[in-house]
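Undergrad: Build the 3D model from these lines:
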Amino acid sequence: MVTFWLGLQLPMDKSQQLSGSRLFQTLLNHQDALVCLFNQGVVSIAGFATSVLIGRLAPSELGVYYIGLSLVLFARGFQQQLVSTPYSIYLHRQLDEDMPAYRGSCLVQQFGFLIIAVVYLLAQVLAAGAGWVSMEVMPTLIALLVFLPVLLMRELVRHYCFTHSANMSVLVIDGVISVLQIATLVCFGYLGILSGASAWIAIGVSCVLAIGVWYYRSGPKIEFKRERLKQDWKLNWSFSKWAVSGQFVGSLPMYLLPLLLLWSAGSEGTGYFAACMTLVGVANIFNTGMLNFLTPRAAKVFVNEGTAGLKRLMVRMYGLFLVAVGGFAVFLGFFGSFVSVKLFGPEYAGLQSVLIVLSVAQLFDGFSHTASGGLFAMEKIKDNFWVDVILMVVTIAAALLLIHPFGVLGAALTTLVASLVSALLRTGLLVKFLGKAPAIGVKNV
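TA: Take a look at the predicted model:
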């Protein structure tokens, strides 16, 4: 029996093993990686279909929907660094009997973060009511005020399942949510009530139903022990204090980017940028799918195999991103404008240069995420934070210089500059620390 690169077991003699590039060796014996990719395909198709439906049936709402999406992604990034990633890192250092209490402590931390997120959204609603933020986004902000907690809980559940290699559970959850989400959006479009706000309502309700059924049928055992709360908070915070700080300074410019574009080019220009990001976001089927596989995998490999195993994993991941996302960038370079017109309509013609720039930025994002996965596994969070500080300064400077004179293209160029700087700096740190880290697994030190 040998393992096919898709993770299927084929009855073959070793001499008959399928030959293939070592570039894809990281998928050879890991069915989990394939499921992660397929699952991300489901999620990305649902997000893609959502943007296309809004762009076709309510084009003036696409930019507003994208503003809401940037808020969700901004909050999700903080949740990942504060709760999800520390759980992946320290899971392997807990005794089996301590796991229910550790999960309970992490869930308390999650609830605390949700309170902060809701208070922030409430402040945004009040700012819009006072005229400090465009009133166009008010309905979307109100919808997110209600449904952001469940959207974030969905991501927490997904990360939990990925960490425990329950990838088929994630696939079922995301499949159900995607079907419900798209079906509801189609109904809203037929009734003439599709908008940025109603889209988030559809997504939120779908998440409530799917996650509720998952927890009822297969939710993990959770215990809340007061004596563990402080201990586990200190453990997670030793990691996340730098990760959260880095997330803030690193993601703040990208959160402000659509707002600056809204101010400079209006909702129409923001809608064009959202359409381009939707097309380029197809690469996230690979980017995010591999990241879901990489983060827990890198932590486990470093604990068990040390530098040698982590180096092998990193090299293969860089190669995979180069081939997969680089090939997608070439495709968009030739056919991007044609695809955008076919999907969103003739008013979206002339965006070829924007699509090329954003697709190259996606490639550098893949390199950056790979390096971050390695740095997180080695717990080099403080150094990663200073990269985010530099990235914030560079991105804000690029946005101020490029968005006003160049509009949508300026926003794309700003994204490219940020991705390139992030990839170069994080890769440099990864190479540096791989040379200094223990050559044997942490468990054996």
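Undergrad: what about the helices in the stretch 151-300 of the chain?
TA: Per DSSP state H, counting those that start in this stretch, the stretch 151-300 of the chain carries helices over the ranges 167-191, 196-218, 226-280, 284-344.
Undergrad: Reformat the ones you listed into a markdown table and put mean neighbour count and distance to L152 next to each item.
TA: (Each C-beta comes from the backbone N, C-alpha and C, glycine too.) Formatted as a markdown table, the helices of the stretch 151-300 of the chain follow (neighbours: other CB atoms under 10 Å; distance: least, CB to CB, whole Å):
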| stretch | mean neighbour count | distance to L152 |
| --- | --- | --- |
| helix 167-191 | 18 | 14 |
| helix 196-218 | 19 | 10 |
| helix 226-280 | 20 | 14 |
| helix 284-344 | 20 | 16 |
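Undergrad: lowest-confidence stretch among the ones you listed?
TA: Lowest mean pLDDT within the helices of the stretch 151-300 of the chain: helix 226-280, a mean of 75.
Undergrad: ok, so what distance separates F147 from S44?
TA: 20 Å (CB to CB, to the nearest Å).
Undergrad: returning to what we had before: same list (the helices of the stretch 151-300 of the chain) but as a markdown table, adding distance to S88.
TA: Converted to a markdown table, the helices of the stretch 151-300 of the chain look like this (distance: least, CB to CB, whole Å):
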| stretch | distance to S88 |
| --- | --- |
| helix 167-191 | 14 |
| helix 196-218 | 19 |
| helix 226-280 | 10 |
| helix 284-344 | 5 |
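Undergrad: which stretch among those comes nearest S60?
TA: When these are compared by CB to CB, helix 226-280 sits nearest S60, at 6.4 Å.
Undergrad: ok, and the closest non-adjacent residue to the residue nearest the centre of the chain?
TA: Of all residues in the chain, the one closest to the mean position by CA atoms, centre = their mean is T288, 5.6 Å from it. Nearest residue to T288, sequence neighbours excluded (CB to CB, 6 or more residues apart in numbering): Q40, at 5.0 Å.
Undergrad: Which elements pack onto the helix or strand hosting that neighbour?
TA: Here Q40 sits within helix 31-57, counting by DSSP states H and E. Where contact means 3 or more CB pairs under 8 Å, 6 or more residues apart in numbering; DSSP states H and E, helix 31-57 is packed against helix 62-79, helix 167-191, helix 196-218, helix 226-280, helix 284-344.
Undergrad: Could you dump these into CSV with distance to Y160 added?
TA: Output for those, formatted as CSV (distance: least, CB to CB, whole Å):
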stretch, distance to Y160
helix 62-79, 12
helix 167-191, 9
helix 196-218, 10
helix 226-280, 14
helix 284-344, 10
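Undergrad: before we move on, the earlier item: and the helix holding Q40, what's buried?
TA: 31-37, 39-44, 46-55, 57 (16 or more other CB atoms under 10 Å).
Undergrad: now that helix, how far from the chain's geometric center?
TA: What separates the centre of helix 31-57 from the centre of its chain is 12 Å, taken as CA atoms, centre = their mean, to the nearest Å.
Undergrad: Give the rounded mean pLDDT of the helix or strand hosting H369.
TA: Under the criterion of DSSP H and E, H369 resides in helix 352-377. Mean pLDDT, helix 352-377: 86.
Undergrad: Can you name the element that comes right after it?
TA: helix 381-406.
Undergrad: which other helices and strands contact that next one?
TA: Counting contacts by 3+ CB pairs under 8 Å, 6+ apart, helix 381-406 is packed against helix 226-280, helix 352-377, helix 408-434.
Undergrad: Redo those helices as CSV? Include distance to R154.
TA: What follows is the helices and strands packed on helix 381-406, written out as CSV (distance: least, CB to CB, whole Å):
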stretch, distance to R154
helix 226-280, 19
helix 352-377, 20
helix 408-434, 26
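Undergrad: closest one to G345 among the ones you listed?
TA: Closest among the helices and strands packed on helix 381-406, using CB to CB: helix 226-280, at 9.3 Å.
Undergrad: what's the neighbour count on V393?
TA: Residues within reach of V393, counting by other CB atoms under 10 Å, total 13.
Undergrad: Now for it: which residues touch it?
TA: Going by CB atoms under 8 Å, 6 or more residues apart in numbering, V393 touches no other residue.
Undergrad: do L261 as well
TA: G269, T270, F273, I403, G407, V408, A411.
Undergrad: Hmm, L260 and the fourth one touching each other?
TA: Yes. Here I403 reaches L260: they are 5.2 Å apart, a contact under CB atoms under 8 Å.
Undergrad: Tell me how far the closest residue in space to T415 that isn't next to it in sequence lies from A418.
TA: Once flanking residues are discounted, T415 sits nearest to A361: 4.7 Å by CB to CB, 6+ apart. In this view, A361 and A418 are 8 Å apart by CB to CB.
Undergrad: sorry, back to before: state the mean pLDDT of the helix holding Q40.
TA: Confidence for helix 31-57, expressed as mean pLDDT, is 79.
Undergrad: still on that earlier bit, which residues touch the residue nearest to the centre of the chain?
TA: By CB under 8 Å, 6+ apart, the residues touching T288 are Q40, V43, S44.
Undergrad: Hmm, the first one is touching F286, no?
TA: Yes. Q40 lies in contact with F286 (CB under 8 Å); the separation is 7.5 Å.
Undergrad: between the helices and strands packed on helix 31-57, which gets nearest to D96?
TA: helix 226-280 (15.0 Å).
Undergrad: how close does R316 get to G374?
TA: According to CB to CB, R316 stands 12 Å off from G374.
Undergrad: List the residues that contact the residue lying closest to Q94 once chain neighbours are set aside.
TA: Among residues not flanking Q94 along the chain, Y102 sits closest, at 5.2 Å (CB to CB, 6+ apart). Contacts here follow CB under 8 Å, 6+ apart; on that basis Y102 touches Y87, Y90, L91, Q94, R228, D232.
Undergrad: Same question for M153.
TA: M153 makes contacts with Q110, L114, C207, I211, as judged by CB under 8 Å, 6+ apart.
Undergrad: How about residues contacting stretch 177-185?
TA: Residues outside stretch 177-185 that contact it (CB under 8 Å, 6+ apart) are 42-43, 45-46, 49-50, 53-54, 154, 194, 199, 202-203, 205-207, 209-210.
Undergrad: one more time with 10 Å, if that's ok
TA: Contact with stretch 177-185 is made by 42-47, 49-50, 52-54, 57, 154, 174, 194, 198-199, 201-211, as judged by CB atoms under 10 Å, 6 or more residues apart in numbering.
Undergrad: With only the CA atoms kept, save it in PDB.
TA: Provided in PDB are the C-alpha atoms of stretch 177-185 (Å, rounded to 0.1, in the frame of the first residue of the first chain):
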ATOM      1  CA  ILE A 177     -23.500  27.300   6.000                       C
ATOM      2  CA  SER A 178     -22.600  28.000   2.400                       C
ATOM      3  CA  VAL A 179     -25.700  26.300   1.000                       C
ATOM      4  CA  LEU A 180     -28.000  28.200   3.500                       C
ATOM      5  CA  GLN A 181     -26.200  31.400   2.900                       C
ATOM      6  CA  ILE A 182     -26.400  31.400  -0.900                       C
ATOM      7  CA  ALA A 183     -30.000  30.100  -0.900                       C
ATOM      8  CA  THR A 184     -31.000  32.900   1.400                       C
ATOM      9  CA  LEU A 185     -29.200  35.500  -0.700                       C
END
